[in-house]
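Asks: Please work out how this folds:
(chains A and B)
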Amino acid sequence: TQLLEQSPQFLSIQEGENLTVYCNSSSVFSSLQWYRQEPGEGPVLLVTVVTGGEVKKLKRLTFQFGDARKDSSLHITAAQPGDTGLYLCAGASLVTNAGKSTFGDGTTLTVKP
Amino acid sequence: EAGVAQSPRYKIIEKRQSVAFWCNPISGHATLYWYQQILGQGPKLLIQFQNNGVVDDSQLPKDRFSAERLKGVDSTLKIQPAKLEDSAVYLCASSLGGVAGGTQFFGPGTRLTVL
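Replies: Reported below is the predicted structural model:
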């Protein structure tokens, strides 16, 4: 079973602060996705990373895939209240089932105005 | 483009009762997923369909859960009989499928409360 551990579990910060959340595993993934989920809604895909060492930027969000493709981080610069939500990472493996993603338990982020 | 539709949005039942959830995926998406998300946890895959065939149902509690995707479009997930621990949000997702799987698009989920 491929497990993804996310940290921290909860994070509460003030508007304008920077933050980093982590997604770690002992397994190698062919791709890793980051999602944001708001209350009462399904997860929405933010980004997919596929290459070891890859860095992707989405406005104030920076995503990095570890060189060994076992871990990833999400960095948010100058957080805003609209960034509040549950951030989930999910990994997929071509070895087992390319269409199957294993999810971590997420980081709940609260950005206070 | 219409997203993934799910109904009902909320359901409250007593333990040992039966319940069914419905999902309409994005048009043209071959792969359909049902996930269970317990409060405070990430989504856990219950079953994955490719068209109307089952690809993965290894984590589906088959003694009480069943799912079907007739004609490879809509899908229903049924629980019979329900237990207290089945209280969760049931998410449906769809993707184009293919070798790499494709991006999964999620519906809003059905929140089930078992009393």
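
Asks: Tell me the pLDDT of residue 110.
Replies: I went with chain A, as the question did not name one. For residue A:110, the pLDDT comes out at 97.

Asks: Sorry, I should have been clearer: chain B.
Replies: 98.

Asks: Need the contact partners of the longest strand along chain A.
Replies: Scanning chain A for the longest strand, with DSSP state E as the assignment, gives strand A:85-93. For strand A:85-93, the surrounding residues in contact (C-beta atoms under 8 Å, 6 or more residues apart in numbering or on different chains) are A:2, A:4, A:6, A:21, A:23, A:25, A:27-38, A:43, A:72, A:74, A:98-104, A:106-109, B:42-43, B:101. The C-beta positions use only the backbone N, C-alpha and C, and glycine is treated the same way.

Asks: Tell me the buried residues in it?
Replies: A:85, A:86, A:87, A:88, A:89, A:90, A:91, A:92, A:93 (16 or more other C-beta atoms under 10 Å in any protein chain shown).

Asks: Partner strands of it and their direction?
Replies: Using DSSP bridges, the strands paired with strand A:85-93 in its sheet are strand A:31-37 (antiparallel), strand A:97-103 (antiparallel), strand A:107-112 (antiparallel).

Asks: for chain A, what are the nearby residues on chain B?
Replies: B:4, B:31, B:35, B:40-45, B:48, B:50, B:55-56, B:91, B:93, B:95, B:97, B:99-109 (C-beta under 8 Å from any C-beta of the partner chain).

Asks: hmm, which of those are the buried ones?
Replies: The neighbour-count criterion (16+ other C-beta under 10 Å) marks B:4, B:31, B:35, B:42-45, B:48, B:50, B:55-56, B:91, B:93, B:95, B:97, B:100-102, B:104-109 among these as buried.

Asks: still on that earlier bit, restricted to buried residues, select the contacts of strand A:85-93 in PyMOL.
Replies: The PyMOL command for the buried members of these (criterion: 16+ other C-beta under 10 Å) is given here:
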select buried, (chain A and resi 2+4+6+21+23+25+29+31+32+33+34+35+36+37+43+72+74+98+99+100+101+102+103+104+106+107+108+109) or (chain B and resi 42+43+101)
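
Asks: quick one, phi/psi of residue 27?
Replies: Assuming you mean chain A. phi -100, psi 150 (degrees, to the nearest 10).

Asks: oops, chain B please
Replies: phi -60, psi 130.

Asks: same deal with residue B:85?
Replies: phi -70, psi 0.

Asks: With residue A:82 instead?
Replies: phi -70, psi -10.

Asks: Get me the contact residues on chain A for chain B.
Replies: Counting by C-beta under 8 Å from any C-beta, chain A sits next to chain B at A:4, A:6, A:31, A:40-45, A:48, A:88, A:90, A:92, A:94, A:97-106.

Asks: Tell me who's in contact with residue B:31.
Replies: Counting by C-beta under 8 Å, 6+ apart, residue B:31 has contacts A:99, B:48, B:49, B:50, B:55, B:94, B:95, B:96, B:97, B:101, B:102.

Asks: If we use 10 Å, what do you get?
Replies: Contacts for residue B:31 (C-beta atoms under 10 Å, 6 or more residues apart in numbering or on different chains) come out as A:99-100, B:25, B:48-51, B:55, B:93-98, B:101-102, B:104.

Asks: Does whatever residue of chain A ends up closest to chain B belong to a helix, a strand or coil?
Replies: Using C-beta to the nearest C-beta, the closest approach of chain A to chain B is made by residue A:42 at 2.9 Å. Here residue A:42 is coil, with the state taken from DSSP: H, G, I helix; E, B strand; the rest coil.

Asks: Having no further points to raise, I will conclude here.
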